[in-house]
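Student: from the sequence below, what's the structure:
(chains A and B)
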Amino acid sequence: MSYLEYNAKSTPTGLRKILYLNWPLTLLLASVAGVGFLMLYSVAGGSFSPWAEPQFKRFLLGMGVMLVVALIPIWFWRNISILAYLTSVVLLLAVEFFGTVGMGAQRWIDLGFMRLQPSELMKITSVMLLAAYYDWLPPERSSRPTWVLIPVLMILVPTVLVLRHPDLGTSILLMAAGGGEMFLAGVHWAYFAAVIAAGLGLVAAVFKSRGNSWQLLENYQYRRIDTFLDPSQDPLGAGYHITQSKIALGSGGWSGRGYMQGTQSRLNFLPEKHTDFIFTTLAEEFGFIGGLTLLTLYVLIIVFCVATALAAKDRFSSLVSLGVAITFFLFFAVNMSMVMGLAPVVGVPLPLVSYGGSAMLVLLAAFGLVQSANIHRPR
Amino acid sequence: MRRSPKDQEAAHRKLSRRALLLGGLQLGFVGALAARMRYLQIDQADQFRLLAEENRINIRLLAPERGEIFDRNGRTLAHNSPSYRIIIVPEDAGDVEQVIAKLSELIDLPPEDIERARTEIRRGRPFLPITLADQLNWEDISKVAVNAPALPGITPEVGLTRIYPQLDDFAHVVGYVGPVSDYDLSKLDAPDPILRIPRFQIGKVGFEAKREDILRGTAGAKRIEVNAGGRVMRELDRKEGQAGADMQLTVDAALQNYAQARLGSESAAVVVMDCENGDLRAIASAPSFDPNQFVRGISVADYRMLTDDPYRPLANKTVQGTYPPGSTFKMVVSLAALEEDLVGPEDTVYCPGHMEVSGRKFHCWKRGGHGHVDLNTALKQSCDVYYYDLAIKVGIDKISAMAKRLGLGTRHDLPMSAVASGLAPNREWKSRVKGQDWLVGDTVNASIGQGFMLASPLQLAVMTARLATGRALSPRLIKSIDGVEQPSGAGDSLGLNENHLRMVRRGMYSVSNDRRGTGYRSRIIADGMRMAGKSGTSQVRNITAAERAAGVISNKDLPWERRDHALYVCFAPYDDPKFAVSVIVEHGGGGSTAAAPIARDVMLQALYDGTPPLEAYPKGDRQRIKAQQERLERERIKRAENPDSDRA
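Tutor: Model prediction:
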């Protein structure tokens, strides 16, 4: 079914589209962002500055962006997928040369009013391109090597660029989300088995290469892996983040130490407490109940995305919605694994909660795509 | 591209299937996350809560106030006084070097202090305070306080430091405190954490060191909340420590002050013991030093001056110094012989001026000899030959046993540094330590307190007090701890025959009061205050036969360190002994000329509890004594002008 056929069916038009917004999903997104404001207010020691207030403004901006994206027909987004993807790649290349150095990595372009992280944008544009590609590709060809190689290149180009920044967390996210897209599109499972086997080989190679001239990762990335494997090795040095993070989480107990009562975050024992480690503050102050609540909100968001995908009539809508869901899942799964000591510290923010403009805007725009798919579904 | 509806249907089904599969995997992972969260937050909550508290709460020790030390009349010997120091917080100071430079213009900052502070600043965290200067006086601290606006990051702080208001009078008794050193810590197995308090003072020497346990007190603690950087956020609670116990010594500060002044610049020591209960009323060693300079931190030059001084100001000669007791030992030999019934008061020995023992000639101090001497004369004139003869009859083992009974050759346990045990040798000792047989010549030497015999001034005072009372008096330095009276040193009877004791005392009385007695010139003539004593002059070198043939060189022609030690022991009043005094003047020459006048003056000062009337002195001496009293008074006033002193 091509976009020409959509018009034949009845899809909402004009302002009536707003009624067809997925309101439960919108509400869930607002709730999660609300949790974010609450926590940013807390880690600032009970103050709207410096984090909660800008974050709120960005959220409003992001909701606006989501609405705009949602109201624009989904086929438009399908048609500009290649353009969006190429723009992201160009921006990624741009940060190679003009980017600002921060946190040991070149990651953003200063636009004056905000700092744009092309790597964040890349996460959604690569999903869009893959969805468009498989929408175009007849399903029976999807497992042929040539047609498999093309999407693999689509994934690898941005991955390699991001890895060069270096930003291991985003590279992993890009690869995993891309792989997920391909799996959903029906690529034969044997390819995945082969990639997983190769991946394991690569991991072995990464460890083997350490200290050699062909070392594959940066030293600080190796140290993070070491620390992950044994945080107690260096509790005041590199293991400090994980150790303190676990202490904060664990000391929360069932119901937490109370809002703004978390000693670990209030007394600065927690690192990056407003960005990557914000979940620990939540868990410290609201305990197991608070943590589980946020996790449930996240799961519900994913459920609504998947529901939209399954209800969609065209492959692009389904694949984009599922791609957004996977990306979103990877965000919080990696972040939580990291702060709970299940994964190395790779620098992935907690979606919609961590302080950060680009991620918030890009994620809300991505949910705009899901909303658009929902609105423009033929009924 | 057009596709058949059938193909589309199949593709859609496959997508749905795989979407549900992926969704299931995601849900599984979420389940794992929840389980992990449960494990950390519920199963291990207690442990992590504890770790969080440990993170947050630091315990800082609070230094207790050190116990103060008083003399028997309540005069302060050691107390704690506010001391001012200057703290710098590098973070607040901004340009640390500039602030230090400004501060140096205001007050004297020793370069080594600045260097140490710089090192600490480099190492420490910028918000932790660092001591720039310690032990400042009020004037300096006022200057800093007035200029505070120009000195960012600088704060004057007040702490406690030890002050010894009696200056050098009690340096050897009380000792001094100082900051804990690494060496101090290395000596302890499990050092009290209190010792890690920066600049905490502990007793280094003397009483301060020996009774550190009681004086120190126990630390208080405060719990403070700190952030990750270690900055103090607030105080949670505080438990004050227990101050150290206050101590009262048996020493009389006024008498001690007099004794110290009377010894003057000699290398000498004097001990005054109460014959009733063993209280040490004065225990002075000269020259002395000002313990306050050790508390403040003594300069290398000053310290070298103290260590290089041949008069050894740092040594406490009263208990650490051991000397051949010389003729003061003759009472011991007399009593040993009397107790063995080997001599009666009428028995005489002929003294031709020397005595031949196993082929060697032993001389009496009087070349011409004393003729026929009995016990009383032998003591009075200190005839050596009489005692050579007597000692050979008694034997060294009996003499040694008697010496120990009288308190020689045994260590008296006083809370002072390096209390010596002296030596009262016997046969067993010589064969054990020297691996040689005891020779009769050794006995002859021992009979006049020479040879191996060694005694400290404290031991000689104990001996004299025991002779005067017949009781086993032991010295007591601590009168009370926190108001609790300590056991008396009165002691039980020694079990000696009272008649024998009386004979010896009578001999000592003659020494001081008989016109021909060696101590006659230093007698007391006040009624009821008459003194009994015994002089001693102990050689620090052997006089060779050649020297003797050439004529013994007089002491004043010898270099100081080869002159004889002068000793004098005495007790008074003769009828009802109140005090026993021993004096030694190192290389002072003759005991009767160098030591006896000091012993007499100190004794009178003790008996009258202050400056004695001139009538107590023999007529011919009064003019000279008056001048001496006036001179000592002038010196006392001069020394009282020291800022640390409270004697003004």
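Student: B:Gln256: helix or strand, and which one exactly?
Tutor: helix B:253-263 (DSSP states H and E).
Student: which strands and helices sit next to that helix?
Tutor: The contact analysis (3 or more CB pairs under 8 Å, 6 or more residues apart in numbering or on different chains; DSSP states H and E) places helix B:253-263 against strand B:268-274, strand B:280-286, helix B:596-608, helix B:622-639. Glycine gets a C-beta too; all of them are placed from N, C-alpha and C.
Student: for these, give me CSV that also has mean pLDDT.
Tutor: Shown next, in CSV, are those (pLDDT from 0 to 100):
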stretch, mean pLDDT
strand B:268-274, 96
strand B:280-286, 95
helix B:596-608, 95
helix B:622-639, 88
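Student: please point out which parts of the one helix or strand A:Val306 maps to sit buried.
Tutor: Taking DSSP H and E as the criterion, A:Val306 maps to helix A:278-311. Residues of helix A:278-311 classed as buried by neighbour count (16 or more other CB atoms under 10 Å in any protein chain shown): A:278-288, A:290-292, A:294-295, A:297-310.
Student: packing partners for it?
Tutor: helix A:23-43, helix A:240-252, helix A:263-266, helix A:315-339, helix A:357-375, helix B:5-38.
Student: so what does the fourth one touch, helix or strand wise?
Tutor: Counting by 3+ CB pairs under 8 Å, 6+ apart, the packing neighbours recorded for helix A:315-339 are helix A:74-79, helix A:118-136, helix A:168-184, helix A:278-311, helix A:357-375, helix B:5-38.
Student: closest to B:Ala228 out of those?
Tutor: For B:Ala228, the closest of those is helix A:278-311, at 13.4 Å, according to CB to CB.
Student: report the angle between the closest one and helix A:357-375.
Tutor: Between helix A:278-311 and helix A:357-375, the angle comes out at 20 degrees (axes from the mean of the first three to the mean of the last three CA atoms, to 10 degrees).
Student: pLDDT of helix A:278-311, averaged?
Tutor: For helix A:278-311, the mean pLDDT works out to 94.
Student: what does stretch B:25-37 give?
Tutor: 94.
Student: got the helices and strands packed on helix A:278-311 as JSON lines, with mean neighbour count and distance to B:Gly353 columns?
Tutor: Output for the helices and strands packed on helix A:278-311, formatted as JSON lines (neighbours: other CB atoms under 10 Å in any protein chain shown; distance: least, CB to CB, whole Å):
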{"stretch": "helix A:23-43", "mean neighbour count": "20", "distance to B:Gly353": "103"}
{"stretch": "helix A:240-252", "mean neighbour count": "26", "distance to B:Gly353": "91"}
{"stretch": "helix A:263-266", "mean neighbour count": "26", "distance to B:Gly353": "94"}
{"stretch": "helix A:315-339", "mean neighbour count": "26", "distance to B:Gly353": "104"}
{"stretch": "helix A:357-375", "mean neighbour count": "25", "distance to B:Gly353": "115"}
{"stretch": "helix B:5-38", "mean neighbour count": "15", "distance to B:Gly353": "106"}
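Student: averaging pLDDT over each of those helices, which comes out lowest?
Tutor: helix A:263-266 (a mean of 82).
Student: what's the closest non-adjacent residue to B:Ser522?
Tutor: Nearest residue to B:Ser522, sequence neighbours excluded (CB to CB, 6 or more residues apart in numbering or on different chains): B:Ala596, at 3.8 Å.
Student: tell me who's in contact with that neighbour.
Tutor: Applying CB atoms under 8 Å, 6 or more residues apart in numbering or on different chains to B:Ala596 gives the contacts B:Thr518, B:Gly519, B:Arg521, B:Ser522, B:Gly533, B:Ser535, B:Tyr568, B:Cys570, B:Val583.
Student: and these, which of them are buried?
Tutor: Applying 16+ other CB under 10 Å to these flags B:Thr518, B:Gly519, B:Ser522, B:Gly533, B:Ser535, B:Tyr568, B:Cys570, B:Val583 as buried.
Student: and the residues you listed, which two are furthest apart?
Tutor: Farthest pair in the buried ones among the contacts of B:Ala596 (CB to CB) is B:Thr518 and B:Val583. Separation: 14.0 Å.
Student: before we move on, the earlier item: can you tell me how far the residue nearest to B:Ser522 is from B:Phe170?
Tutor: Look at B:Ala596 and B:Phe170: by CB to CB, to the nearest Å, they are 26 Å apart.
Student: per-residue confidence at B:Ser242?
Tutor: Residue B:242: Gln, not Ser. So B:Gln242 comes in at 88 (pLDDT).
Student: ok, what's across the strand from it?
Tutor: B:Thr218 (DSSP bridges).
Student: what about it, how many residues nearby?
Tutor: The tally of other residues near B:Gln242 (other CB atoms under 10 Å in any protein chain shown) stands at 13.
Student: that one and B:Leu215 touch, don't they?
Tutor: No. If you go by CB atoms under 8 Å, B:Gln242 and B:Leu215 don't touch, sitting 11.9 Å apart.
Student: just to check, B:Asp442 is in contact with B:Arg427?
Tutor: No. The pair B:Asp442 / B:Arg427 is not scored as a contact, 9.1 Å apart, by CB under 8 Å.
Student: neighbour count winner among these two?
Tutor: Taking other CB under 10 Å, B:Asp442 and B:Arg427 do not tie; B:Asp442 has more neighbours (22 against 15).
Student: next one: that one from B:Ser358, what distance?
Tutor: Distance from B:Asp442 to B:Ser358, by CB to CB: 11 Å.
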